[in-house]
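Q: below: sequence and its predicted model.
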Amino acid sequence: MAGRGSQAGAATPDLRRDKRLVSVEYPGLVQDVGKMLLTLGGEEGVSRIYADPSRRLELYFRPRDPYCHPLCANRFPTSSMLLKVKKRTRRKRAEAGGCEEEVKFEVEVLGIVSSVYKFQGMSDFQYLAMHSGPDGSQTSMYDKVLMLRPGKEEFFMNDLPLEGYHNPTLSSENLIGLSRARRPHNAIFVNFEDEEIPTKPLAAAQQTWKRVCSNAVDHKAEDELRKLFEHRPVWSRNAVKANISVHPDKLKFLLPYLAYYMLTGPWRSLWVRFGYDPRKHAEAKIYQVLDFRIRCGMKYGYAPNDMPVKAKRSTYNYSLPITVKKPVSHPVQDLKQGLSTSGTPSTRKPAFSKYKLKDSIYIFREGSLPPYRQMFYQLCDLNVECLQKIIHRNDGMEVDCTERDGWCLPKTSDDLRDTMSLMIKQIIRSKRPALFTSTSNADEGKDQLAFESGEEEEEEEEEEEFKPSDGSENEMETEILDYV
């Protein structure tokens with residue numbers, strides 16, 4: 001890199017490690033930096049995308065076009081430098097009449113590039129709202145497509161803004177959402193305020209089960225489920241799956257054949273044996289449901305990401321074009337063959353046990369964490385002595401069955417949740433002691449003393465108002481979608 005008769009001088013730049021930069025490989029020739037940043041959302045938009053590693057950088061070639069599809073760039077780690085190089089040329093006349101050049105380079109390191117955004121995909125082919133004239137000219141139609149402001153305010157004030165327009169007649173059949181066509185499982189649903197309860201299944205449910213019950217395994221599952229309901233009149237579907245082995249699709253037909261489904265009240269989301277009304281039997285309080293969710297947050301000493309219990313559903317499982325889809329590290333397995341404890345494919349499980357779930361899916365035990373952050377337990381499945389004492393505080397003194405507390409004392413569910421949360425917090429402390437500082441230890445000791453003495457903190461969150469018949473808007477109640 002030298003002129004005639006000279007050599008370039010060596011450059012030793014100073015490395016500035018304190019200045020971190022981000023590189024964007026822009027797919028175009030940049031002539032105006034301001035317009036280029038506008039296509040990326042401006043400096044604020046780029047900073048917002050950089051703050052979230054799961055987001056992609058979006059480039060809009062027509063930033064003022066609301067219908068423009070973005071071109072997305074993936075983020076990659078890198079270890080490179082941004083250099084500023086100056087070339088200085090000094091010409092000298094030689095004695096022989098020639099010209100000599102002395103070239104020097106000045107190199108300055110502006111910073112270290114730790115991340116780079118690369119546009120590796122193709123942009124979408126998109127039709128534009130343009131009108132082609134006879135002479136080949138193109139005219140934009142966005143002023144006709146986009147309504148930037150209403151032409152007449154009366155347009156929005158009338159019930160029927162268009163002349164001659166009439167609302168279509170709505171039918172209650174085959175509508176998207178809650179009014180969709182009922183699925184042919186023929187389950188009977190009962191609300192807490194309903195006076196009567198069914199004593200036998202629908203004729204269609206009997207015919208359907210007789211039709212799908214085609215082998216000895218199905219007959220065995222039917223007999224086992226009958227014995228379960230004779231021993232205990234109220235069951236959750238997860239509890240049934242943990243006690244008998246039946247194909248999930250067959251269970252959808254078998255349950256409506258032997259029980260009805262409670263929609264609201266203390267037995268919501270549970271299956272009840274035909275002819276049994278838990279609202280008339282005080283001993284049925286042990287079958288009530290408890291919606292329990294593991295408490296997390298800085299108030300409780302640990303964040304959601306620090307919990308050893310994973311969420312069953314997460315927003316990160318849904319990928320959008322502007323987000324990075326992370327690879328799943330779960331091993332691929334054949335659901336029919338199963339996996340052994342060593343992780344290698346094992347022999348096929350016998351038919352009587354391959355569909356069974358672990359009993360931890362419905363039983364709460366002391367010293368063990370729930371499998372999910374949100375669980376639905378029946379009170380009889382809380383296998384802890386102190387919890388059972390809370391449940392049976394009013395044995396023999398039950399008077400009324402309420403929709404919120406059933407046959408239990410008021411706020412029994414709250415006391416159970418507080419006790420279970422304290423137990424789980426102690427388990428998490430033993431598994432991950434680094435999450436809790438000495439300050440949190442002292443605070444937790446105060447919380448435990450206050451709980452044991454029956455005192456309530458003044459800073460405790462206000463109790464939400466109970467809305468009758470709303471049920472619980474949660475995962476387990478989506479079971480109803482199998483039948484409606």
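A: Yep, that arrived.
Q: top strand in the protein by residue count?
A: Looking across the chain with DSSP state E, the single longest strand is strand 71-93.
Q: pull that strand out as CSV, backbone CA atoms only.
A: Output of strand 71-93 as CSV, limited to C-alpha atoms (Å, rounded to 0.1, in the frame of the first residue of the first chain):
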residue,chain,number,x,y,z
LEU,A,71,-37.6,-7.6,5.7
CYS,A,72,-36.3,-9.3,8.9
ALA,A,73,-32.7,-9.6,10.0
ASN,A,74,-31.4,-12.2,12.4
ARG,A,75,-29.1,-11.3,15.3
PHE,A,76,-25.7,-13.1,15.5
PRO,A,77,-22.8,-12.7,17.9
THR,A,78,-19.5,-11.5,16.5
SER,A,79,-16.1,-10.3,17.5
SER,A,80,-14.9,-7.6,15.2
MET,A,81,-13.8,-4.0,15.3
LEU,A,82,-14.8,-0.8,13.6
LEU,A,83,-11.8,0.9,12.2
LYS,A,84,-11.3,4.4,10.9
VAL,A,85,-8.5,4.6,8.5
LYS,A,86,-6.9,7.8,7.1
LYS,A,87,-4.5,7.7,4.2
ARG,A,88,-2.0,10.5,4.0
THR,A,89,0.0,10.9,0.8
ARG,A,90,3.0,13.2,0.5
ARG,A,91,4.6,13.8,-2.9
LYS,A,92,8.2,14.8,-3.3
ARG,A,93,10.1,15.8,-6.4
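Q: just the buried positions in it, please.
A: 71-73, 75 (16 or more other Cβ atoms under 10 Å). Bear in mind the C-beta positions are built from the backbone N, C-alpha and C, glycine included.
Q: now the residues you listed as CSV including distance to residue 274?
A: CSV is the format used below for the buried residues of strand 71-93 (distance: Cβ to Cβ, whole Å):
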residue, distance to residue 274
71, 61
72, 56
73, 61
75, 58
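Q: closest one of the residues you listed to residue 255?
A: Set against residue 255, the nearest of these by Cβ to Cβ is residue 72 (45.8 Å).
Q: list the single closest residue to that closest one in space, sequence neighbours excluded.
A: residue 56 (4.2 Å; Cβ to Cβ, 6 or more residues apart in numbering).
Q: residue 50 is in contact with the one you found, correct?
A: No. Contact criterion Cβ atoms under 8 Å: residue 56 and residue 50 do not qualify, at 11.1 Å.
Q: and these two? Which one has more around it.
A: residue 56 (21 against 15; other Cβ atoms under 10 Å).
Q: sec struct for residue 101, please.
A: strand (DSSP: H, G, I helix; E, B strand; the rest coil).
Q: same deal with residue 260?
A: strand.
Q: from residue 275, how far out is it?
A: 10 Å (Cβ to Cβ, to the nearest Å).
Q: so what sits against both of those two?
A: 197-198 (Cβ atoms under 8 Å, 6 or more residues apart in numbering).
Q: can you pick out the residue with more neighbours from those two?
A: residue 260 (24 against 11).
Q: in the protein, which spans are strands?
A: So, for the chain - with DSSP E - the strands run 20-25, 57-59, 71-93, 99-118, 130-132, 138-140, 189-190, 234-235, 259-262, 271-273, 289-293, 364-365, 374-378, 382-383.
Q: which one, of the ones you listed, ends up nearest to residue 412?
A: strand 289-293 (9.0 Å).
Q: buried residues in the closest one?
A: Under 16+ other Cβ under 10 Å, the buried positions of strand 289-293 are 289-292.
Q: between those, which sits nearest residue 201?
A: So of those, ranked by how close each gets to residue 201 (Cβ to Cβ), first place is residue 289, at 22.4 Å.
Q: run through the bridge partners of the closest one.
A: Here residue 289 shows beta-bridge partners residue 378, assigned using DSSP bridges.
Q: surely it is in contact with residue 267?
A: Yes. Using Cβ under 8 Å, residue 289 is in contact with residue 267, at 6.3 Å.
Q: for the spatially closest residue to residue 415 that is not a sequence neighbour, give its distance to residue 384.
A: Spatial nearest neighbour of residue 415, chain neighbours left out: residue 390 (5.2 Å); criterion: Cβ to Cβ, 6+ apart. Distance, residue 390 to residue 384, by Cβ to Cβ: 10 Å.
Q: shared neighbours of the two, anything?
A: Joint contacts of residue 390 and residue 384 (Cβ under 8 Å, 6+ apart) do not exist.
Q: helices along the stretch 201-350 of the chain, start to end?
A: 203-212, 216-231, 237-243, 248-258 (DSSP state H, counting those that start in this stretch).
Q: and for the shortest one, what are the contacting residues?
A: Applying Cβ under 8 Å, 6+ apart, the contact partners of helix 237-243 are 224-225, 228, 248, 251, 255, 271, 355-359, 361-362, 376, 378, 381, 476, 479.
Q: in the protein, which helix has the most residues?
A: helix 412-431 (DSSP state H).
Q: send the alpha carbons of that one over as PDB?
A: Taking Å, rounded to 0.1, in the frame of the first residue of the first chain, the C-alpha atoms of helix 412-431 are listed here in PDB:
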ATOM      1  CA  THR A 412     -60.700 -22.000  53.600                       C
ATOM      2  CA  SER A 413     -59.200 -22.000  50.100                       C
ATOM      3  CA  ASP A 414     -57.200 -18.900  50.900                       C
ATOM      4  CA  ASP A 415     -55.800 -20.500  54.000                       C
ATOM      5  CA  LEU A 416     -54.900 -23.600  52.100                       C
ATOM      6  CA  ARG A 417     -53.100 -21.600  49.400                       C
ATOM      7  CA  ASP A 418     -51.100 -19.700  52.000                       C
ATOM      8  CA  THR A 419     -50.000 -22.800  53.700                       C
ATOM      9  CA  MET A 420     -49.100 -24.600  50.500                       C
ATOM     10  CA  SER A 421     -47.200 -21.500  49.200                       C
ATOM     11  CA  LEU A 422     -45.100 -21.400  52.400                       C
ATOM     12  CA  MET A 423     -44.300 -25.100  52.000                       C
ATOM     13  CA  ILE A 424     -43.300 -24.600  48.400                       C
ATOM     14  CA  LYS A 425     -41.200 -21.600  49.300                       C
ATOM     15  CA  GLN A 426     -39.300 -23.700  51.800                       C
ATOM     16  CA  ILE A 427     -38.700 -26.400  49.100                       C
ATOM     17  CA  ILE A 428     -37.400 -23.900  46.600                       C
ATOM     18  CA  ARG A 429     -35.200 -22.500  49.300                       C
ATOM     19  CA  SER A 430     -33.600 -25.900  49.900                       C
ATOM     20  CA  LYS A 431     -33.100 -26.500  46.200                       C
END
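Q: so for it, what gets flagged as buried?
A: 412-413, 415-425, 427-429.
Q: which of the residues you listed sits closest to residue 44?
A: For those, the nearest to residue 44 is residue 428 (38.7 Å; Cβ to Cβ).
Q: how much space separates that closest one from residue 421?
A: Taking Cβ to Cβ, one finds residue 428 at 10 Å from residue 421.
Q: and what of residue 36?
A: For residue 36, the distance to residue 421 - Cβ to Cβ - is 52 Å.
Q: could you do residue 293 as well?
A: From residue 293 over to residue 421 (counting by Cβ to Cβ), the distance is 9 Å.
Q: check residue 277 too.
A: With Cβ to Cβ as the criterion, residue 277 and residue 421 are 33 Å apart.
Q: residue 388 too?
A: 17 Å.
Q: again with residue 194
A: From residue 194 to residue 421 the distance is 34 Å (Cβ to Cβ).
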